[in-house]
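*Asks:* build me a model:
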Amino acid sequence: MADLRDLYQEVILDHTRRPRNFGRLAGANRCAEGFNPLCGDNVTLYLKLVDSVIEDARFEGNGCAISTASASLMTEALKGKTLDEVQVLFGAVHALLTSADGADPAASLGKLEVLSGVREFPVRVKCATLPWHTLQAALRDEARPVSTE
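*Replies:* Here you go, the predicted structure:
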């Protein structure tokens, strides 16, 4: 179990140090901002949605290691997903982070499983969920920033 926890920490640190899909997305047709007032994390998510499929996703912002890694992992996972698949993924990740039982074992989360350790630190759950709630706002095309509070 310690080896698995070490691997999860390595993946999170890797996505923090070298976030994937970081930067503004030219041609984005959905955008939303999110803010966590408790720790100051902020994220702007850009999506290129074509025929109900997320063709591309990128993010900008400043945040803690968990928030940055979560956004990086999320943008990797979103590409090529339909809106229905995104909603299933959101539900599975939300359960992984907030439920005592974790995600549904039938849900295929791939690399996103590394976020499971965050559940042990309730104060950090909002850091990990911020990009995901920002995703929901982007899909609804909300102009007002979302907050974890």
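*Asks:* downstream neighbour of the longest helix anywhere in the chain in the secondary structure list?
*Replies:* Counting by DSSP state H, the longest helix found in the chain is helix 122-139. Moving toward the C-terminus from helix 122-139, the next helix or strand (DSSP states H and E) is strand 146-147.
*Asks:* give me the contact list for that following strand.
*Replies:* For strand 146-147, the surrounding residues in contact (CB atoms under 8 Å, 6 or more residues apart in numbering) are 32, 33, 34, 35, 36, 37, 133, 134, 136, 137. For the C-beta atoms, the positions are set from N, CA and C on the backbone; glycine is no exception.
*Asks:* strand partners (parallel or antiparallel) of that strand?
*Replies:* strand 30-36 (parallel) (DSSP bridges).
*Asks:* tell me the contacts of the residue lying closest to residue 28 once chain neighbours are set aside?
*Replies:* Setting aside the residues directly before and after it, residue 28 is nearest to residue 46 in space (CB to CB, 6 or more residues apart in numbering), at 3.8 Å. Applying CB under 8 Å, 6+ apart to residue 46 gives the contacts 24, 25, 28, 30, 31, 57, 58, 59, 60, 138.
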